[in-house]
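[1] how would this look folded up:
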Amino acid sequence: MQRLSSDAIYEILVRASFSTLLRQSRWVCKDWERLIISDSKFQQTHSQRTTASGHFLQVISTTQPRFVSFFRSNNDHEEHYSCAQGVESPCLDFLPTAKSITIAGSSLHGSLLCCFTNSSSTPIPSFYICKPASREWRKMPNPKTSLENSMIGIAVKHSSILHYKVLRLSKLNKSDYHCQLFNSDNWAWKTLPLVQLKPDYTFLTGEDGIWVNGGLHWLTNYDEVFVFDTDQEKWTTFELPPEMKNIPRSNKVVVSCDGKLGVIHHTNEWMQLWILENYSTTKPSWKRKYSNDTRSLHQNIKHLYAIHMWSNNTVIMMSMYELVAYNCDKNTYTITTLPMAEDIVSLSPYAFEPQFCYL
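    Residues are numbered from 1 along each chain as shown. The predicted structure follows:
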């Protein structure tokens, strides 16, 4: 029998499912295991060819229970893959009681999601950590508090065995947050001292914490960055650039860009991206990377706001009916139309790009 060439084997493996690679193929021989586990180029190519990138969109309406849909990306970064016939869109139907699942938080790129059940028939929620790309999940212990989620951040440390932590911050009063940290090493939640922000009536903004340089980051309503160090289990705040302060009718969102912390600042007329150079919380040094005129964009699409960076030059923006991928280098954009319904109360997007990780 004629043996397959190494190129033929590569092409077969790069089209296999995540679960097949991780549960079966990697154990065939050391060469396959080395390719699957250690070859970053293979991992990137496999991710792009087997599972579509895009956004999980959590929809809350007045007439039906909340639900989650997936929308493929429609921008230059995904152009060659999202139209391919064999590329599947991920979904969350593999989770127990999938119809009552709510996404609580997402890791960077959405490789891991923290979800919980939200149903009147099950008043005590169940928590899950899952990997949509390979349809794997594990039930988490419930946090030892009845407080609702306010902020969820997921810190992922890639190694031969995946290690991750989930930070859960629950608003208590005008400036305090109840703080719990889940560690995948001991599979348990740990209650930490209260996060007490100053001055009074300070609160965190945004959805997921941005995992950069060992910390989860959010913005505050007082133009500061809040960062929680998941190893030291300590937090601090530091200043945004003075150019961002006291500008009326402007929006800000903290992002990750090329492995560095960034902040997008925009109005209906312009958008800027600032990057924190040489990461420091004591003497932060900010540098402006982009400054774009966005007046024509906002004339075409109303009530648009930035939500995250898709790639190092592409900002994802959102209105009630569109997702927009804006290329800061080319000053061009592509639009993905979202479901239109008058009864929609809110839309929460969670970016997803298939990544190699192991539950």
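[2] contacting residues around the residue nearest to residue 206 when sequence neighbours are not counted?
    Nearest residue to residue 206 in three dimensions, chain neighbours excluded: residue 218, at 5.4 Å (C-beta to C-beta, 6 or more residues apart in numbering). (Each C-beta comes from the backbone N, C-alpha and C, glycine too.) By C-beta atoms under 8 Å, 6 or more residues apart in numbering, the contact list for residue 218 reads 151, 153, 204-206, 209-210, 225-226, 254.
[3] from the residues you listed, which is closest to residue 300?
    Minimum distance to residue 300 across those is 25.5 Å, recorded for residue 206 (C-beta to C-beta).
[4] Sheet partners, orientation included, of the strand or helix carrying that closest one?
    Using DSSP states H and E, the element containing residue 206 is strand 204-212. When pairing is defined by DSSP bridges, strand 204-212 lines up against strand 215-220 (antiparallel).
[5] okay, the partner strand in PDB with CA atoms only?
    Provided in PDB are the C-alpha atoms of strand 215-220 (Å, rounded to 0.1, in the frame of the first residue of the first chain):
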ATOM      1  CA  GLY A 215      -4.100  41.700  34.200                       C
ATOM      2  CA  LEU A 216      -7.800  42.100  33.300                       C
ATOM      3  CA  HIS A 217      -8.700  45.700  32.400                       C
ATOM      4  CA  TRP A 218     -11.800  47.900  32.400                       C
ATOM      5  CA  LEU A 219     -12.400  51.600  32.100                       C
ATOM      6  CA  THR A 220     -14.100  53.600  34.900                       C
END
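[6] Where does pLDDT dip in the protein?
    1-5, 7, 9-28, 31-33, 35-51, 74-87, 120, 158-161, 340-342, 355-359 (pLDDT under 70).
[7] What are the structural domain limits within it?
    1-50, 51-352 (automatic domain parsing).
[8] can you map out the helices along the stretch 151-300 of the chain?
    Taking DSSP state H, counting those that start in this stretch, the helices of the stretch 151-300 of the chain run over residues 295-300.
[9] tell me the strands in it, going along the chain?
    In the stretch 151-300 of the chain, the strands defined using DSSP state E, counting those that start in this stretch lie at 151-157, 163-171, 176-183, 188-196, 204-212, 215-220, 224-229, 234-239, 251-257, 260-266, 270-277, 285-293.
[10] again with the stretch 1-150 of the chain
    Using DSSP E, counting those that start in this stretch, strands in the stretch 1-150 of the chain cover 54-61, 67-72, 101-106, 113-117, 127-131, 136-140.
[11] ok and the fifth one relative to strand 101-106, angle-wise?
    Read that as strand 127-131. 70 degrees (axes from the mean of the first three to the mean of the last three C-alpha atoms, to 10 degrees).
[12] Same check on the last one?
    The directions of strand 136-140 and strand 101-106 differ by 90 degrees, with the same axes, to 10 degrees as the criterion.
[13] List the contacts of strand 136-140.
    19, 94-96, 114, 126-131, 166, 182, 187, 359.
[14] filter the residues you listed to the buried ones?
    95, 114, 126-131, 166, 182 (16 or more other C-beta atoms under 10 Å).
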